[in-house]
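**Student:** 3D model of this:
(chains A and B)
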Amino acid sequence: MSIASASLNHAGRPDHALNGDALNADARREARGMLALLSPGLFLVFAVIIVPIGWLFWLSLFDENGQLSAANYARFFEQASYIKTFVTTFRVAFTVTGACVLLGYPLAYMLSQLPRRAASICLIFVILPFWTSVLVRTYAWLVILQRKGLVNTWLMDLGVIGQPLPLANNFAGVVIGMTHIMLPFLVLPLYASMKTIDVDCLRASMNLGASPAATFRQIFFPLSLPGLASGLVIVFVLCLGFFVTPALMGGGKVIMWAMRMEQTTSLYSNWGAGAALGVVLLAVTLALLGLFHWLLGTRATGVWSQR
Amino acid sequence: MTKRLCIHGLAIAGLLASAAVPASAADTITVASWGGTYQEAQTKAFFDPTAKDLGITIKQDTTNGLDDVRLQVTGNAVKWDITELGADECARGSKEGLFEKLDYSVIDRTGINPKLVHDDWVGISYTSVVLIYRTDVFGDKGPKTWADFWDVQKFPGRRALSGSQATETLSVAALAKGIPIDKVYPVDIDGALQSVDKVKGHIDAWWTSGAQAMQLVKDGEVDMASIWNGRAGTLKKSGAPVSFSFDQGVLTADCMVIPKGSKNKDIAMKALAKFVSPDLQANLPLYVDNGPANEKAFETGKIPQDRIKDINSSPENVKKQVLQDPAFWRDTLVEATEKFNNLIQQ
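**Tutor:** The predicted structure is shown next:
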C-alpha cells in the first residue's frame, strides 16, 4: 500500500519526483515517531474512557435474565416518568444556563474592565464559593429560601408579602441553587477571553466615530463570543448530570436524570437498567456538543485547544 | 454524596480501630450496616458483646443497600460476612441468589415473626413509618390517622410523604382509604395509587431521605408528614413541637444476610445467631428507637417497663400497626415503583 501511495504522489506531483521517495519515507518515520510518543496518552484514553463506556453500552443491552434485549431502552417510552425526567433535566439545564449568562456576562465584563489589582480581588469572590462544598452551599440556600427561611421572614416582617414565597422545594429553588454553583464555570472562561480582546480594536472603532454602545455591540461582544460559547457549553453539560442540588432543593418534585439513574440502579437487579440511562445521557450530550460545534464553529468546543 | 463521604470516613475509622486489636484472620468477620447512630447502637447492643463471647474480632463497614451486595457478589469480590438490608431488599436479593443459606440449627428462630425467617435471610430490627404533625400548628388536635392526613378540608396545612419509598407511601395510602390494618396486605396497588392521586396535589415535598423528612418537619416547611419513628423520636427529644404515635404505623423490618461467597461463613453464622438471640436483641432499644425483631427480647427483663411503650415492636404497639410484607414487595416492587413515579412526577 505504501508503494502504491508513493507512486501516486509521483504521478500527482512530478516536481517532487527527484526526492519524493525520501520525503515520503521521512514523513512516515515522523508519523510513526509521533504515534510512539502519543501512545501512552492514547492508551490511557482507551483504558479509562473508551473501554468503560463500551462496557456501559454493552451492559445496557441485557435484561434482568441476562438475555440480549432492548427492554432497558423500551422502558423510557413505556413509563411516562422517564420522559418527564428527561424534559425536566433539559428545562433545568436551559434555565440555569440562561440565568448564568444573564448574571455572568455583566460580571465578567465588569471584571475585565477593572484595574488589574481590583479585578484579582473581585475574582477571589468568584472563586471562593467555588472551593466550598456543593452540599454546604445547597443547605445554605435551603436555610435562606425555605418557607421560614431568611428571605421569607424578612420580606414578611417588612410587610412586602403576606404569604411566604415558594422558593425552596420546587423548580425555582433548584434553579437558584444550581445557578450559584455554575456561575464560576461561565465567568472564568468568559473573563479569560475578554482579557485577550485587543483594546486597540475598541479604540480604533471609537476613533472611527462609533458610539460606546455601538463599539460594544459591533466589536467587543462578537470578540467575547468564543469565551461565552465555551462557558455556556461547560455550564450546560455539567447541569445535565447534576445530582445533589436538585435532590435537596427540589423537594422530590424536580427529578433530574442523575437522580433517576441512582433510583433505577437500586430498583432493578440488572446493571443494564441504569447503564441505559447513562448511555442515553452520554449520546444526547455528545449530540448537543456536535450541534454547538456546528452552530458556533470550533470556537465553542475547541476554545481550550486554542489557548 | 454525603453518605459516601461518611462511609469513607467510617471505613477509615473502622480500619484504624481494627488495626489496634490484633487477631488472626480466621476469627475476624466484617459486618456492614447503615452507619450513623443506628450502627453505633448495634455496635453496643450486638457487635461488641458477640465479639467478646465468641472471642472473635468484628470489623465494621457501612452499606448503601442491595446494590453493594450485588456488586460484591456478581464481581466475586465479597468483603462482608454479614450485612444488613431492608426486608424487601432481602426478599429481592434472595430471588437473585445473592446470599448464603442460613443454618437454623445454629440460629434459633423462636420469637421472630415467621414472615421474617427465610432460607437465606432473617429479621434483625424494626422501623415504623408514622404520622407526625406540628403541635404549634394543630395543638393536640392534629391528624391522627392517614384518613385525616388525606382530609385536606379538615386539616389544611402543608404535607410531605416519602417519594423514594414507594412501598411505604402505598401502604399508608391504602390505610387512608379506610382499609383496616390487617387487610392492607396484599396491597391493592392500583387502589393505593388512586388514593395517592387524590392527595398528590396537596403534597409540598416528596422526601427522599430520613434526614430530609426530619428537616422538613423541624424547619416548619411542612405541618405534617410521614416519617421514620427513629427520626420522629429524635425530633421530639430535641424539643421540636411535634407529636406522633404508633397508631396506623407501618412496621418495616430490617434483615441480615451472609453474602454469597463469604470466606468466614461459619463464624458469621454463629455471630448472626448471637445478634438475633433474645438477650442481645433486648440491648438494641436501650440505645436506639428501632425495636428488636425477636419478641422474646421483651421477656428478658432487660428493657425497663416505661421504655417498652415507646418501642415500635413491643407486643402492644405491634397490634396498632401494619406489618409490611417483604414477600409481597419482592414480586411487585419494580412495577409498583414505576407506576408510583409516573404518578407523583409532575
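**Student:** Run through the bridge partners of the closest residue to chain A within chain B.
**Tutor:** Among residues of chain B, the one nearest chain A by Cβ to the nearest Cβ turns out to be B:Trp206. It sits 2.8 Å away. To be clear about C-beta, it is placed using only N, CA and C from the backbone, and glycine gets the same treatment. Under DSSP bridges, the beta-bridge partners of B:Trp206 are B:Leu161.
**Student:** so who does B:Glu316 touch?
**Tutor:** By Cβ atoms under 8 Å, 6 or more residues apart in numbering or on different chains, the contact set of B:Glu316 is B:Ile308, B:Lys309.
**Student:** list the contacts for the residue of chain B closest to chain A?
**Tutor:** Residues near B:Trp206 by Cβ under 8 Å, 6+ apart: A:Gly251, A:Gly252, A:Lys253, B:Ala160, B:Leu161, B:Ser162, B:Gly163, B:Ser164, B:Ile344.
**Student:** Try it again at 6 Å.
**Tutor:** By Cβ atoms under 6 Å, 6 or more residues apart in numbering or on different chains, B:Trp206 lies in contact with A:Gly252, B:Gly163, B:Ile344.
**Student:** Could you do B:Ile303 as well?
**Tutor:** Applying Cβ under 6 Å, 6+ apart, the residues near B:Ile303 are B:Ala282, B:Pro285.
**Student:** Give me the secondary structure label for it.
**Tutor:** Classification of B:Ile303 using DSSP: H, G, I helix; E, B strand; the rest coil returns coil.
**Student:** near chain A, which residues of chain B show up?
**Tutor:** With Cβ under 6 Å from any Cβ of the partner chain as the criterion, chain B comes near chain A at residues B:1-2, B:67, B:96, B:163, B:205-206, B:208, B:219-221, B:334, B:337-338, B:341-342, B:345.
**Student:** what's the pLDDT at the residue positioned nearest the centre of chain A?
**Tutor:** The centre of chain A sits closest to A:Ile234, judged by Cα atoms, centre = their mean, with a distance of 2.3 Å. We have a pLDDT of 90 for A:Ile234.
**Student:** I'd like the distance between it and A:Leu240.
**Tutor:** Distance of A:Ile234 to A:Leu240, given as Cβ to Cβ, to the nearest Å: 11 Å.
**Student:** can you check A:Arg116 too?
**Tutor:** In terms of Cβ to Cβ, A:Arg116 sits 36 Å off from A:Leu240.
**Student:** where do the helices sit along the stretch 101-250 of chain A?
**Tutor:** When secondary structure is read from DSSP state H, counting those that start in this stretch, the stretch 101-250 of chain A shows helices at A:116-131, A:134-145, A:150-157, A:171-195, A:199-207, A:212-215, A:221-240, A:244-249.
**Student:** pLDDT for the contacts of B:Trp206 - can I get that in CSV?
**Tutor:** Compiled in CSV, the contacts of B:Trp206 are given as follows (pLDDT from 0 to 100):
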residue, pLDDT
A:Gly252, 89
B:Gly163, 93
B:Ile344, 90
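**Student:** Turn the residues you listed into JSON lines, columns for neighbour count.
**Tutor:** Output for the contacts of B:Trp206, formatted as JSON lines (neighbours: other Cβ atoms under 10 Å in any protein chain shown):
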{"residue": "A:Gly252", "neighbour count": "25"}
{"residue": "B:Gly163", "neighbour count": "23"}
{"residue": "B:Ile344", "neighbour count": "21"}
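**Student:** ok, the residues you listed vs B:Asp48, which is closest?
**Tutor:** Closest to B:Asp48 out of the contacts of B:Trp206 is B:Gly163 (36.7 Å), distances taken as Cβ to Cβ.
**Student:** In this structure the closest one contacts A:Gly250, no?
**Tutor:** No: using Cβ atoms under 6 Å, B:Gly163 is not in contact with A:Gly250, being 9.9 Å away.
**Student:** Surely A:Phe130 touches A:Met182?
**Tutor:** No: A:Phe130 is not in contact with A:Met182 according to Cβ under 6 Å; the separation is 10.2 Å.
**Student:** more crowded one of the two?
**Tutor:** Taking other Cβ atoms under 10 Å in any protein chain shown, A:Phe130 and A:Met182 do not tie; A:Met182 has more neighbours (25 against 14).
**Student:** Excluding chain neighbours, what is closest to the more buried one?
**Tutor:** Distances taken as Cβ to Cβ, 6 or more residues apart in numbering or on different chains put A:Val235 closest to A:Met182, at 4.7 Å, once the chain neighbours are dropped.
**Student:** show me what contacts that neighbour?
**Tutor:** So A:Val235 contacts A:Thr97, A:Cys100, A:Met182, A:Phe185, A:Leu186 (Cβ under 6 Å, 6+ apart).
**Student:** gap between it and A:Val280?
**Tutor:** 21 Å.
**Student:** next one: A:Val126
**Tutor:** For A:Val126, the distance to A:Val280 - Cβ to Cβ - is 34 Å.
**Student:** Please spell out which residues along stretch A:139-158 are buried.
**Tutor:** A:Tyr139, A:Trp141, A:Leu142, A:Leu145, A:Gln146, A:Arg147, A:Gly149, A:Val151, A:Asn152 (16 or more other Cβ atoms under 10 Å in any protein chain shown).
**Student:** just to revisit the earlier point, are any of the residues of chain B next to chain A buried, and if so which?
**Tutor:** With burial judged by 16+ other Cβ under 10 Å, the buried subset of the residues of chain B next to chain A is B:67, B:96, B:163, B:205-206, B:208, B:219-221, B:334, B:337-338, B:341-342, B:345.
**Student:** In strands, which of the residues you listed fall?
**Tutor:** Judged by DSSP state E, strands contain the following of these: B:Ala205, B:Trp206.
**Student:** Now stretch B:206-219: average pLDDT?
**Tutor:** For stretch B:206-219, the mean pLDDT works out to 92.
**Student:** actually stretch B:185-193, sorry about that
**Tutor:** Throughout stretch B:185-193, pLDDT has a mean value of 94.
**Student:** now what about it, what contacts it?
**Tutor:** With contacts defined as Cβ under 6 Å, 6+ apart, stretch B:185-193 is touched by B:Leu170, B:Ala173, B:Ala174, B:Asp325, B:Phe328, B:Ala336, B:Lys339, B:Leu343.
**Student:** Centre of the chain to it, how far?
**Tutor:** For stretch B:185-193, the separation from the chain centroid amounts to 21 Å (computed by Cα atoms, centre = their mean, to the nearest Å).
**Student:** buried sites along that stretch?
**Tutor:** Buried residues in stretch B:185-193, counted by 16+ other Cβ under 10 Å: B:Tyr185, B:Val187, B:Asp188, B:Ile189, B:Ala192, B:Leu193.
**Student:** can you tell me the residue of the stretch 201-307 of chain A closest to chain B?
**Tutor:** Nearest to chain B, among the residues of the stretch 201-307 of chain A, is A:Gly252, at 2.8 Å (Cβ to the nearest Cβ).
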